[in-house]
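**Q** fold the following for me, if possible:
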Amino acid sequence: LIKYFKCERILDFSTRIFVWKLVKTWKHVQNGSSQLLGSVEQFIGSLQPINQSIPSIIHDSLQIKGTVLGKSSTSIYNSSFAFLQSAGLRGNVLIEDVKFDIEKSITIVSVAYSTIEHIIPQDRKEMVNSLVMTTVINPQINEDFQIKMAFAKREKAMSNPQCVFWNFSLAEGGNWDNTGCETKDDGDNVICSCNHTTSFAMLMSPYQETSLDELTYLTYIGLSLSIVSLMICLGIELLVWKSVTKTRIAYLRHVCILNISVSLLSADICFIVVAATHDQNYEVEGNLCIVATYFIHYFYLCVFFWMLALGLMLFYHLIFLLHNTSKTTMKTIGFCLGYICPLIISIITLASTLPYSSYTRKKSCFLNWEESKALLALVIPAMIIVAINTIVTAVVIAKISRRSIGEKSINEEKSSLYRIAKSIGVLTPLLGLTWGFGLATVVPGSPKIFQMLFTIFNAFQGTIWYPECIKLNKQIKNYCVSLKQTLLDPMLVICSYII
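**A** Numbers count the residues shown, from 1 in each chain. Next up, the predicted model:
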């Protein structure tokens, strides 16, 4: 007979194993975690009633409930589980019309786990989207019966639910199996009917089976236009480079524009490849997903830090208008700020979250929010840079408007500074606003309007940047007009000769 106080001690040890910090350690010993599940199942099967009852045991990560059925008691077993730390973690076990053709009483015990799904070996595309519940009948019976379980969906956006049990006889310590179970999707819950008892769960696919919605099409259209716009921008920048970089300020400005375009183009390409992979229901392997997320994070950071470099360069030339710092020195500072700072932030983010498997989100290749808040490693730098550049723009425009007009060269410098200030004042808040909406989309219960705004702003970032890169640049416009005229004149001569 297992005394109740010993039961508490053993279960207290078990619950300590399933706490979140140790769950991340158990992920690396997945065969051992399967053995642990079997050990707990054997343990609850050996529980004996105390005064014809099974005391309930409630912990944050594990709950046990049971009952004793006999000839004088009801023939229905019904136990419910709910974990207060997450309103979505609920479950119910029901065995109706129990017919036991024996003299002794029957003990039925159920245990529910809230975190064990994270440490059970996973080699399927589906994910555990519910509690894991184990039911044991002692002594075992030979009569046919049905056990019905209701699982609340942890993530309601997942699709294709399957009722499964843990089959210890399968290779490599066991795996999920759906033999003998029927599944019924009931909206927020899934009803499972099985003809045996063991450890059960509900698997669902993280990919939607529905067709692409309007936001998805808008994402593809926007990203495609952005990629084309940025490629045109880069092509024209390289074509007219010598003509538009004659002054020091113009040179540094176009260095920043070129690197912002390269960074944004790289980020958009990574983003659209990952989005297309998920929409086609292809599973991105763990390491590939981490690599894709890292480069998306890094290149978007590069965009903002090059915007910061542009803003600081503007502020420097306003304060030290006649200071003669070399192009090489300024460019070196710009490259360190534009590429080294994002590299440091992205590596620190990866190193601090990857050991706990909380770098990426569960359903997509992007920075995690629910567990590690890794998304803040993009949003916080972006918001800080937006604030700095907004202040710089206000100061620069105020000073330029009050500065008296002097020499022609200084006047040209003023004109360049004013164009840079106007660009920063418009584009930096727009780029920052994008990730402000992105942060709002991951907050539980946030309105769908934030998702729509984030999709629009994120998809069309390159298109928004294009006018600054090409259309609004007077020097490039003049060069393109002259180039067009140069190409057109020979054609007119040839046409007139033919006529």
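**Q** where does the residue nearest to F460 when sequence neighbours are not counted land in three-state SS?
**A** Nearest in space to F460, with sequence neighbours left out and distances taken as CB to CB, 6 or more residues apart in numbering, is G222 at 4.5 Å. (C-beta placed from N, C-alpha, C; glycine too.) At G222 the chain is in helix, as set by DSSP: H, G, I helix; E, B strand; the rest coil.
**Q** between the two ends of stretch 190-198, what distance do you get?
**A** 18 Å (CA to CA, to the nearest Å).
**Q** tell me the buried residues in that stretch?
**A** 190-192, 194, 197-198 (16 or more other CB atoms under 10 Å).
**Q** from these, which single one is nearest F151?
**A** Using CB to CB, V190 is the member of the buried residues of stretch 190-198 that lies nearest F151, at 4.9 Å.
**Q** which residues does the closest one bridge with?
**A** Counting by DSSP bridges, V190 is bridged to F151, D185.
**Q** what residues are up against it?
**A** 130, 150-151, 153, 161, 163, 183-184, 202 (CB atoms under 8 Å, 6 or more residues apart in numbering).
**Q** buried among those? Need that as a selection in ChimeraX.
**A** Buried residues among the contacts of V190 (16+ other CB under 10 Å), as a ChimeraX selection:
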select :130,150,151,153,161,163,183,202
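**Q** adding pLDDT, write the contacts of V190 out as CSV.
**A** As requested, the contacts of V190 are exported to CSV (pLDDT from 0 to 100):
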residue, pLDDT
S130, 85
A150, 90
F151, 89
K153, 85
P161, 86
C163, 88
T183, 89
K184, 89
M202, 70
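**Q** and the furthest pair within the contacts of V190?
**A** Going by CB to CB, the pair spanning the contacts of V190 furthest: S130 and K184, at 13.8 Å.
**Q** one step back: any idea which of the buried residues of stretch 190-198 is closest to I236?
**A** Of these, the one sitting nearest to I236 (CB to CB) turns out to be V190, at 55.5 Å.
**Q** confidence score at that closest one?
**A** For V190, the pLDDT comes out at 89.
**Q** any idea how far E182 is from it?
**A** V190 sits at a distance of 11 Å from E182 (criterion: CB to CB, to the nearest Å).
**Q** likewise T463?
**A** Counting by CB to CB - T463 and E182 are separated by 51 Å.
**Q** next: E237.
**A** E237 is 62 Å from E182, by CB to CB.
**Q** settle it for me: which of these two has more neighbours?
**A** Set E237 next to E182 and count neighbours by other CB atoms under 10 Å: E237 wins out with 21 against 13.
**Q** what about the more buried one, helix or strand, and which?
**A** helix 214-239 (DSSP states H and E).
**Q** residues in contact with L337?
**A** With CB under 8 Å, 6+ apart, L337 has these contacts: 305-306, 308-309, 312.
**Q** could you rerun that using 7 Å?
**A** Residues in contact with L337 (CB atoms under 7 Å, 6 or more residues apart in numbering) are 305, 308-309.
**Q** ok, now S114?
**A** 61, 83, 89, 131.
**Q** burial check on the second one, number of neighbours?
**A** Spelled out, that is F83. 21.
**Q** shared neighbours, S130 and K184?
**A** Joint contacts of S130 and K184 (CB under 7 Å, 6+ apart) do not exist.
**Q** turn the contacts of V190 into CSV, columns for distance to L288.
**A** CSV is the format used below for these (distance: CB to CB, whole Å):
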residue, distance to L288
S130, 27
A150, 36
F151, 30
K153, 27
P161, 27
C163, 30
T183, 31
K184, 35
M202, 27
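**Q** out of the contacts of V190, who's nearest C341?
**A** K153 (41.3 Å).
**Q** where does the stretch 201-350 of the chain dip in pLDDT?
**A** Applying pLDDT under 70 to the stretch 201-350 of the chain flags the ranges 204-214, 277-286, 320-324.
**Q** quick one, helices of it?
**A** Under the criterion DSSP state H, counting those that start in this stretch, the stretch 201-350 of the chain contains helices at 214-239, 241-244, 248-279, 286-319, 327-335, 341-353.
**Q** the ones you listed: which one's closest to A157?
**A** helix 248-279 (12.3 Å).
**Q** so where's the stretch 51-200 of the chain shaky on pLDDT?
**A** For the stretch 51-200 of the chain (pLDDT under 70), the answer is 71-74, 85-88, 98-103, 117-125, 142-144, 171-173, 200.
**Q** re the thing from before, let me have the helices of the stretch 201-350 of the chain in CSV, extended by distance to I108.
**A** Shown next, in CSV, are these (distance: least, CB to CB, whole Å):
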stretch, distance to I108
helix 214-239, 47
helix 241-244, 79
helix 248-279, 42
helix 286-319, 39
helix 327-335, 68
helix 341-353, 42
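**Q** which among these is found nearest to I456?
**A** That would be helix 214-239 among the helices of the stretch 201-350 of the chain, by CB to CB, at 6.7 Å.
**Q** name the helices or strands packed onto that closest one?
**A** helix 248-279, helix 448-459, helix 461-466 (3 or more CB pairs under 7 Å, 6 or more residues apart in numbering; DSSP states H and E).
**Q** in a markdown table: the ones you listed, plus mean neighbour count and distance to L378.
**A** Converted to a markdown table, these look like this (neighbours: other CB atoms under 10 Å; distance: least, CB to CB, whole Å):
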| stretch | mean neighbour count | distance to L378 |
| --- | --- | --- |
| helix 248-279 | 20 | 11 |
| helix 448-459 | 17 | 12 |
| helix 461-466 | 22 | 14 |
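**Q** so which of these is nearest E370?
**A** Nearest to E370, of all the helices and strands packed on helix 214-239, is helix 448-459, at 16.3 Å by CB to CB.
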